[in-house]
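Student: what follows is a predicted structure for the sequence shown.
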Amino acid sequence: MDEERRLTFPQAALTGLLALAATLGVGHLVAGFVGYTASPFVAVANFVIDHSPHAVVAWAERTLETWDKPVLKIGLAVVLVLIALLAGQLSRSKPLPGQLVVGVLGAAGVAAVYVRTDLGQVSLLAPVAATVAGMVVFTWLHRFFLPRVFFDVRESEGPGRRKVLITGASVAAGAGVAALAGEFIGTRKNAEESRAAVGRLVAARTAPPIPPDADFVKFGTPPYLTPSEDFYRIDTALVVPQVRTEDWSLRIHGMVDREVTYTYDDIRSRPLLERDVTLCCVSNEVGGPYISNARWIGIDLRDLLNEAGVKPGAEQMFATSVDGWTCGTPVEAALDPGRGAMLAIGMDGEPLPIEHGFPARIVIPGLYGYVSATKWVTELEITTWKEREAYWLDRGWGREGPVKTQSRIDTKVSAVTAGKVVVSGIAWAQHTGVAKVEVRVDQGPWRETVLSAETSKDTWRMWWTEVDVTAGRHQVAVRATDQSGHTQTEERVGTVPDGATGLHTVSVNAHQRR
C-alpha cells in the first residue's frame, strides 16, 4: 500500500492533550509522596517565578497584586496546552516528533525540580515518572488512532467514534484521579488542623493598650490593626507552604559558637511578648497598598542568636524559608536590643495565619520585608555578605533595606462639594517615628494635620485635616516629617533598588453646592 497512514487533525490534537493530562496527573500523584512542590507543573511555575526578569516581577506585583500566581498558573497551562497540540500535529504520521516534545518537557520538569533547594534528590521521581507516563500514553494513543492495514486493505477511518470517546474519557479520568490523589496525599498533613490545635496565644509581656484615637476610621483611614484577611501579602510562594508545628524546627548555624535547633514547643514554652509592628514591602509605589500593621506575638530573636553565640566578623543573618526562599538581614539589626527583632508565632492573639508564615516567621521593625520578614522560616545562617546572596539581592535590590519616611492619602476625594473637605490617611517612619504630617492644595502653603496617638515608633500613624477647595480641579499632596527631622523628598523615584520616594498626590474635582 502506497498511501501514507495519518492521524486526523482531531485525533492528533487529542493524542497530545491526553498525553499532557497523563504527564501532569502522574507527576502530581508521585509528588504527593516525595514533595508537593516536586509536581512538574508546580516546579516549572516556581522556576519561572525565580528566574523572571525583575521588570516582569515588579509589573506583576503592581498590576496583578495577589492575582499574580493564579495568572501565572493559567498562563503556564495555556502554554502547555499549545505545546501538546503542536506535539500532536507534528506526529500525524509518525510518533517520534511528539515523543521528542514530551521528552523535552520532561527534561524541563526534571531540571526545575533539581535546582530547588527545598527538595531532595528523591523528588526527581515525580518529573521522571511524569515523563515516562506521558511518553507511554502518547505512543499508545498514536498507535491506537492510526488507521490499521490488513494485507492490502487500509482501514481509513481508524477506530470508531464510540471507542475514541471511551478511550479518551478513560485516559482523562485516570489522569484526573491521579492528580486529585496527589493533591490529597500532598496536603494530608493539614497545617490548618495543626494551627487550630495551638489555640489562642497569651503573651506574658503585653503591648500597651490601643488608645481610642489611634486611628481615624470615621474620616477614612484604615483601622490601626489590619485584619489578618486584609494584611498585604507579597511572596514568591506559588503554593502556600503547609507546615505543621510537629514537623517544624528552626536551625541556627554558620558563624556561631554552637549550632542550635529549636522545635515549636521550645518556642511556645518560653514567655511570649507582644509588639505592634508595621510591615511594608519595598515594592510599594508611592501611595501604594503594600503596608499593614499587626500585633505580633513571639520571642526576641536576639535571645536565640545569643544562645547560639554570634562570632565576631558576622555581617548577615541569612534566613531560609521552607519553600527555599532566602532573605539577608544585617546582623546588627537582628541583635540590636532597641530594635526588637522577633521570631513571631502569632498575630493579633491568634497563631499566624498559614499564608502569613505559620508556624513561625521573622519580624524586624524598620526594614522592608524583603530583608526582614521571612515567612515559614526554618533556618538562620550567620555569615558574611560575600559568602551568601539572598533572593532579592541577587536580583539587584539594595542590601540594607531601611524603610523610608512616607505618607499616603486614603480619603476618596475625587468628587466633592466645594468648601471644606476632610482629607485623611497614614504616615510611617518605622523605628524613627512620625513627628508631623502636612498637606497642601495645589501649590499653596503646607498646613499641618492632626496626628493620631503614637503607640510605637515602629507603627504607622493616622492623620486628618480639613482643606478649603473652590469649584474646579485641584491637586492635594501630603508629606511626612520623621522624628529625626527628615522630611520626605518630593523627588519621584521608583521602587528599585531600595524603595520609592515622592509625594502622594490625588486629584480633587470640586463642584459648586446646589
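Tutor: Sure, I can see it.
Student: and stretch 437-453, how far out from the chain middle?
Tutor: Its chain's C-alpha centre and that of stretch 437-453 lie 35 Å apart, by CA atoms, centre = their mean, to the nearest Å.
Student: so which bits of that stretch are buried?
Tutor: Neighbour-count burial for stretch 437-453, counted by 16 or more other CB atoms under 10 Å, picks out Val437, Glu438, Val439, Arg440, Val441, Thr449, Leu451, Ser452. For the C-beta atoms, the positions are set from N, CA and C on the backbone; glycine is no exception.
Student: helices - which of the residues you listed land there?
Tutor: With DSSP state H as the criterion, helices contain none of the buried residues of stretch 437-453.
Student: closest to Val256 among these?
Tutor: For these, the residue nearest Val256 by CB to CB is Ser452; the value is 41.6 Å.
Student: residues contacting that closest one?
Tutor: Asp213, Ala214, Asp215, Phe216, Thr221, Tyr224, Arg461, Met462, Trp463 (CB atoms under 8 Å, 6 or more residues apart in numbering).
Student: out of those residues, who has the most neighbours?
Tutor: Greatest neighbour count in these, by other CB atoms under 10 Å, goes to Trp463: 29 neighbours.
Student: whatever helix or strand it lives in - contacts with which helices or strands?
Tutor: Assigned by DSSP states H and E, Trp463 falls within strand 461-469. In terms of contacts (3 or more CB pairs under 8 Å, 6 or more residues apart in numbering; DSSP states H and E), strand 461-469 is packed against strand 419-428, strand 434-441, strand 447-448, strand 450-451.
Student: ok now the longest one, how far from the chain's centre?
Tutor: By that I understand strand 419-428. For strand 419-428, the distance to the chain centre is 31 Å (CA atoms, centre = their mean).
Student: just checking, what packs against it?
Tutor: Contact here means 3+ CB pairs under 8 Å, 6+ apart; on that basis strand 419-428 packs against strand 406-409, strand 434-441, strand 461-469, strand 472-482, strand 504-511.
Student: pull up the pairing partners for it, direction included.
Tutor: strand 406-409 (antiparallel), strand 461-469 (antiparallel) (DSSP bridges).
Student: residues in contact with it?
Tutor: 216, 219-222, 278, 280, 291, 403, 405-411, 413, 434, 437, 439, 449, 459-469, 476, 478, 480, 504, 508, 510, 513.
Student: circling back to that earlier point, between the helices and strands packed on strand 419-428, which one is closest to Asp498.
Tutor: Among the helices and strands packed on strand 419-428, the nearest to Asp498 by CB to CB is strand 406-409 (12.8 Å).
Student: can you give me the buried ones in that closest one?
Tutor: Buried, per 16+ other CB under 10 Å, within strand 406-409: Gln406, Ser407, Arg408, Ile409.
Student: could you dump those into a markdown table with distance to Ile362 and pLDDT added?
Tutor: Shown next, in a markdown table, are the buried residues of strand 406-409 (distance: CB to CB, whole Å; pLDDT from 0 to 100):
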| residue | distance to Ile362 | pLDDT |
| --- | --- | --- |
| Gln406 | 22 | 97 |
| Ser407 | 26 | 98 |
| Arg408 | 25 | 97 |
| Ile409 | 31 | 97 |
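Student: could you export those residues as TSV, including distance to Ala179?
Tutor: Listed next are the buried residues of strand 406-409 as TSV, based on distance: CB to CB, whole Å:
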residue	distance to Ala179
Gln406	45
Ser407	48
Arg408	43
Ile409	47
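Student: now, among these, which is nearest to Ala500?
Tutor: Closest to Ala500, out of all of the buried residues of strand 406-409 and judged by CB to CB, is Gln406, at 7.9 Å.
Student: check contacts around that closest one.
Tutor: Gln406 neighbours (CB under 8 Å, 6+ apart): Val286, Ala427, Trp428, Ala429, Ala480, Gln488, Ala500, Thr501, His504.
Student: the same query, at a cut-off of 6 Å, please.
Tutor: Trp428, Gln488 (CB atoms under 6 Å, 6 or more residues apart in numbering).
Student: the residue nearest to Tyr262 when sequence neighbours are not counted: neighbour count?
Tutor: Nearest residue to Tyr262, sequence neighbours excluded (CB to CB, 6 or more residues apart in numbering): Leu250, at 4.7 Å. Residues within reach of Leu250, counting by other CB under 10 Å, total 21.
Student: returning to that earlier point: between the strands paired with strand 419-428, which one is closest to Ala12.
Tutor: strand 406-409 (55.4 Å).
Student: a markdown table please, covering the strands paired with strand 419-428 and showing distance to Arg162.
Tutor: Output for the strands paired with strand 419-428, formatted as a markdown table (distance: least, CB to CB, whole Å):
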| stretch | distance to Arg162 |
| --- | --- |
| strand 406-409 | 64 |
| strand 461-469 | 69 |
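Student: returning to that earlier point: got a list of contacts for the strand holding Trp463?
Tutor: Outside strand 461-469, the residues touching it (CB under 6 Å, 6+ apart) are 215-216, 219, 221, 418, 420-424, 426-427, 434, 437, 439, 441, 449-452, 508, 510.
Student: would you mind listing the buried residues in the helix or strand containing Ala181?
Tutor: In this assignment (DSSP H and E), Ala181 forms part of helix 161-186. Across helix 161-186, burial judged by 16+ other CB under 10 Å covers 164, 167-168, 171-172, 174-175, 178-179, 182-183, 185-186.
Student: please compute how far that helix lies from its chain's middle.
Tutor: 31 Å.
Student: restrict the helix or strand just after it to CA atoms and write it as PDB.
Tutor: Heading C-terminal from helix 161-186, the first helix or strand you meet, by DSSP H and E, is helix 191-198. Presented in PDB, the C-alpha positions along helix 191-198 are these (Å, rounded to 0.1, in the frame of the first residue of the first chain):
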ATOM      1  CA  ALA A 191      -1.500  22.800  58.600                       C
ATOM      2  CA  GLU A 192      -4.900  24.300  59.400                       C
ATOM      3  CA  GLU A 193      -5.600  21.500  61.900                       C
ATOM      4  CA  SER A 194      -2.200  22.000  63.400                       C
ATOM      5  CA  ARG A 195      -2.800  25.700  63.700                       C
ATOM      6  CA  ALA A 196      -6.200  25.100  65.400                       C
ATOM      7  CA  ALA A 197      -4.500  22.800  67.900                       C
ATOM      8  CA  VAL A 198      -2.200  25.600  69.000                       C
END
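Student: helix 191-198: how far from the chain's middle?
Tutor: Worked out by CA atoms, centre = their mean, helix 191-198 lies 21 Å from the chain centre.
Student: again, but for stretch 429-437
Tutor: With CA atoms, centre = their mean as the basis, stretch 429-437 stands 28 Å off its chain's centre.
Student: show me the contact partners of that stretch.
Tutor: Contacts for stretch 429-437 (CB under 6 Å, 6+ apart): 278, 365-366, 403, 405, 407, 427, 448-449, 457-458, 461, 463, 480-484.
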